[in-house]
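[1] coords please:
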Amino acid sequence: MDCKQPKNLKSCPCTYPGCSRKGICCECIKHHRENGELPACCFPKEVEKTYDRSVERFIQAMQK
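    Okay, here's the model as predicted:
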């Protein structure tokens, strides 16, 4: 399977400036799972900007 990074970049909501996985969803998900986190695409825009990718923050954001 070919990576669709150019296509993914168009809809990737990650605002972290130094992200080397931007648009490479499989690497992004792997990285965040290894750190007990969720990727940016799981969060509302205003929460994503905080860079808090914790499961706890996700639950808090979804309860509103």
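[2] quick one: C14 and K45 touch, right?
    No: look at C14 against K45 with Cβ atoms under 8 Å: they stay out of range, at 11.1 Å. Heads up, the C-betas are built off the backbone N, CA and C, glycines and all.
[3] which one of these two has more residues nearby?
    More crowded of C14 and K45, by other Cβ atoms under 10 Å: C14, with 18 against 9.
[4] quick check: chain neighbours aside, which residue is closest to the more buried one?
    Sequence neighbours aside, A40 is the residue nearest to C14 in space, at 4.0 Å (criterion: Cβ to Cβ, 6 or more residues apart in numbering).
[5] next: L38.
    F58 (5.2 Å).
[6] which residues touch the one you found?
    With contact set as Cβ atoms under 8 Å, 6 or more residues apart in numbering, F58 has these partners: 38, 42-43.
[7] and for I59?
    No contacts exist for I59 under Cβ under 8 Å, 6+ apart.
[8] in a helix, it, correct?
    Yes: assessed with DSSP: H, G, I helix; E, B strand; the rest coil, I59 lies in a helix.
[9] neighbours of R53, how many?
    The burial count for R53: 21, using other Cβ under 10 Å.
[10] then the one 10 residues further on?
    By the measure other Cβ under 10 Å, the count of residues near Q63 is 6.
[11] now do it against V47, distance only.
    Noted for Q63: a distance of 12 Å to V47, by Cβ to Cβ, to the nearest Å.
[12] correct me, but I29 touches C41?
    No: the criterion here is Cβ under 8 Å, and I29 misses it with C41 at 9.1 Å.
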